[in-house]
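> I need the structure of the sequence given here:
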Amino acid sequence: MNKSLTFRFMNKEDIDDVLEIEHKSFATPWSREAFINELTQNQFAVYVVLEEEDKVIGYCGAWIVVDEAHITNVALLPEYRGKKLGEALMRKVMEIASEMGAARMTLEVRVSNFTAQSLYRKLGFQNGAIRKNYYTDNQEDALVMWVNIK
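Residues are numbered from 1 along each chain as shown. This is a model prediction of the structure:
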């Protein structure tokens, strides 16, 4: 990984950058208020940003509850995709979740998002269940995936 790339915990000053990534990545992006709530009210939330030379280029959020971690969202600016940075970001969050006591991690991914599914399988995630009509923009189903991280 490039030496100018760093990971750190997200703070409120990162929200504008994260919202830019959200809007470039998702059909139904989270709101500013959702991120403020995650950072200030949700005791289970852990958010990590990936920076290149002080510019936030990606982020990943998780809820860590007892021994399970649930990825809420993960995204990179489009111009940084396909460079193994999503994998590095996921590995970092998996490491942090394990250090915080999580033994398993789960996430939902669109059934049509084969690129993301391939990355998750590379990280050891396995298929769990299908959540019918999970995505509100088009009622697409979500594939639930799980991995043991301890």
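> residues of stretch 30-38 that come out buried?
Neighbour counts over stretch 30-38 (16 or more other Cβ atoms under 10 Å) mark 30, 34-35, 38 as buried. Where you see a C-beta, it was placed from the backbone N, CA and C, and this is true even at glycine.
> likewise stretch 79-97?
Of the residues in stretch 79-97, those scored as buried under the neighbour-count criterion (16+ other Cβ under 10 Å) are 80, 85-86, 89-90, 93-94, 96-97.
> leaving out chain neighbours, which residue sits closest to residue 131?
With Cβ to Cβ, 6 or more residues apart in numbering as the criterion, residue 131 has its nearest non-adjacent residue at 4.3 Å, and that residue is residue 142.
> wait, is residue 90 part of a helix?
Yes - with the criterion set as DSSP: H, G, I helix; E, B strand; the rest coil, the secondary structure at residue 90 is a helix.
> that one against residue 121, yeah?
No - assessed by Cβ atoms under 8 Å, residue 90 is found out of contact with residue 121, at 11.7 Å.
> so which residues of the chain form strands?
Counting by DSSP state E, one finds strands in the chain at the ranges 5-9, 45-52, 55-65, 68-76, 104-110, 126-131, 142-148.
> now those strands as a markdown table including mean pLDDT, distance to residue 18 and mean neighbour count?
Listed next are those as a markdown table, based on pLDDT from 0 to 100; distance: least, Cβ to Cβ, whole Å; neighbours: other Cβ atoms under 10 Å:
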| stretch | mean pLDDT | distance to residue 18 | mean neighbour count |
| --- | --- | --- | --- |
| strand 5-9 | 96 | 12 | 14 |
| strand 45-52 | 97 | 7 | 20 |
| strand 55-65 | 97 | 5 | 21 |
| strand 68-76 | 97 | 8 | 21 |
| strand 104-110 | 97 | 18 | 19 |
| strand 126-131 | 96 | 24 | 12 |
| strand 142-148 | 98 | 22 | 18 |
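> got these as a markdown table, with distance to residue 17 columns?
Compiled in a markdown table, those are given as follows (distance: least, Cβ to Cβ, whole Å):
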| stretch | distance to residue 17 |
| --- | --- |
| strand 5-9 | 12 |
| strand 45-52 | 8 |
| strand 55-65 | 4 |
| strand 68-76 | 11 |
| strand 104-110 | 22 |
| strand 126-131 | 29 |
| strand 142-148 | 26 |
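> good, we can wrap up now.
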